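# Need coordinates for the below:
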Amino acid sequence: MLSKSQINLLKSLQHKKFRTEHGLFLVEGHKSVNEFANSAYQVDTVFQTYTSDPKLLNLSQKINCQQISLNDLEKISALKTPQDVVALVKIPEWPALNNQTLSKKFSIVLDGIQDPGNLGTIIRTADWFGITDIICSADTVDAYNPKVVQASMGSLSRVYVHYIDIEPFLQRVQMPVFGALFNGKNIYETQFGSEGLIVMGNEGNGIRPSVEKLIQKAVTIPRAGQAESLNVGIATAIFCSEIKRNTFK
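Prediction:
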């Protein structure tokens, strides 16, 4: 049974202020909890109901497990329909970004992405295509937001998400900087090479002008129909797919 102070702490982690203050976030569901438990992340505690034990056989014996009631689970869960296991996980500090750590691969740069579902989808897409680093502007939605964690379907456990001031970063990085823009070169005619950064913009406003100035190669996904724009998660998936297609040539 959870104490009142435990419940208050766990509920508070639905808000970025308290996640930052405590350096903790929540992961819900058997698949995601198992993936975080077997990753570089440090799982502090797993809270499980009596129905969840058989499904968590892969957990390390070093991880603290606490059995809780369904009533307590409902109090701490961020989901409308809670699953029967929640993990308390420590927010990590990833290695610093520089030319050496980013060389010979592609990374995604997100400029002001606001929707948690979009960020979760982008993280999951990056994981699918083997992209390990996502670099976010400070105003991009928090990767440890419960909706982002849920939408990433465990992929957050394998993708490093960094928050930095992206403008000075793009100014000092020594590799190609591609950007998703309407007036760019056709993506299907673009040679991406063997490394680079892919900048994706805000859902409504696109890439902000101060960041757009730092893009070396503007790229567009050609439109054949009448839709005004593409969802940023879908656009990112097309970029990732095309980069991999070029790589496999």
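
# alpha carbons only for contacts and neighbour counts from here, please
Noted.

# Off-centre distance for the longest helix along the chain?
Ranked by residue count under DSSP state H, the longest helix found in the chain is helix 232-247. The chain centroid and the centroid of helix 232-247 are separated by 16 Å under Cα atoms, centre = their mean, to the nearest Å.

# same deal with stretch 143-158?
Centroid displacement of stretch 143-158 relative to its chain, using Cα atoms, centre = their mean, is 6 Å.

# Mind listing residues that contact it?
If you take Cα atoms under 8 Å, 6 or more residues apart in numbering as the criterion, stretch 143-158 is touched by 14-16, 19, 25-28, 31-33, 35-36, 39-41, 78, 116-124, 127, 132, 142, 161.

# Quick one: distance of stretch 106-124 to the chain centre.
Taking Cα atoms, centre = their mean, one finds the center of stretch 106-124 at 6 Å from the center of the full chain.

# Tell me which other helices or strands the longest strand belonging to the chain touches.
Taking DSSP state E as the criterion, the chain has its longest strand at strand 177-186. For strand 177-186, the packing partners by 3 or more Cα pairs under 8 Å, 6 or more residues apart in numbering; DSSP states H and E come out as strand 196-201, strand 217-220.

# most tightly surrounded among these?
strand 196-201 (a mean of 23; mean count of other Cα atoms under 10 Å).

# Show me what the next helix or strand after that one is packed against.
The first helix or strand that comes after strand 196-201 along the chain, using DSSP states H and E, is helix 209-212. Under the contact criterion of 3+ Cα pairs under 8 Å, 6+ apart, helix 209-212 touches helix 166-172.

# and the helix it packs on, which residues are buried?
Across helix 166-172, burial judged by 16 or more other Cα atoms under 10 Å covers 166, 170.

# now could you export just the CA positions of that helix as CSV?
Provided in CSV are the C-alpha atoms of helix 166-172 (Å, rounded to 0.1, in the frame of the first residue of the first chain):
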residue,chain,number,x,y,z
ILE,A,166,19.8,24.8,-31.0
GLU,A,167,20.9,28.0,-32.8
PRO,A,168,24.4,28.2,-31.3
PHE,A,169,24.6,24.4,-31.6
LEU,A,170,23.9,24.5,-35.4
GLN,A,171,26.4,27.4,-35.8
ARG,A,172,29.2,25.4,-34.3
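
# Output the below-cut-off pLDDT ranges for this protein.
52-58, 60-61, 248-249 (pLDDT under 70).

# can you give me the helices in it?
Going by DSSP H, the chain shows helices at 4-12, 16-22, 30-37, 70-76, 99-102, 116-128, 146-152, 166-172, 209-212, 232-247.

# Just put those in a markdown table and tack on distance to Glu195.
Formatted as a markdown table, those follow (distance: least, Cα to Cα, whole Å):
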| stretch | distance to Glu195 |
| --- | --- |
| helix 4-12 | 40 |
| helix 16-22 | 32 |
| helix 30-37 | 28 |
| helix 70-76 | 42 |
| helix 99-102 | 8 |
| helix 116-128 | 15 |
| helix 146-152 | 24 |
| helix 166-172 | 14 |
| helix 209-212 | 19 |
| helix 232-247 | 10 |
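
# Thanks a lot, catch you later.
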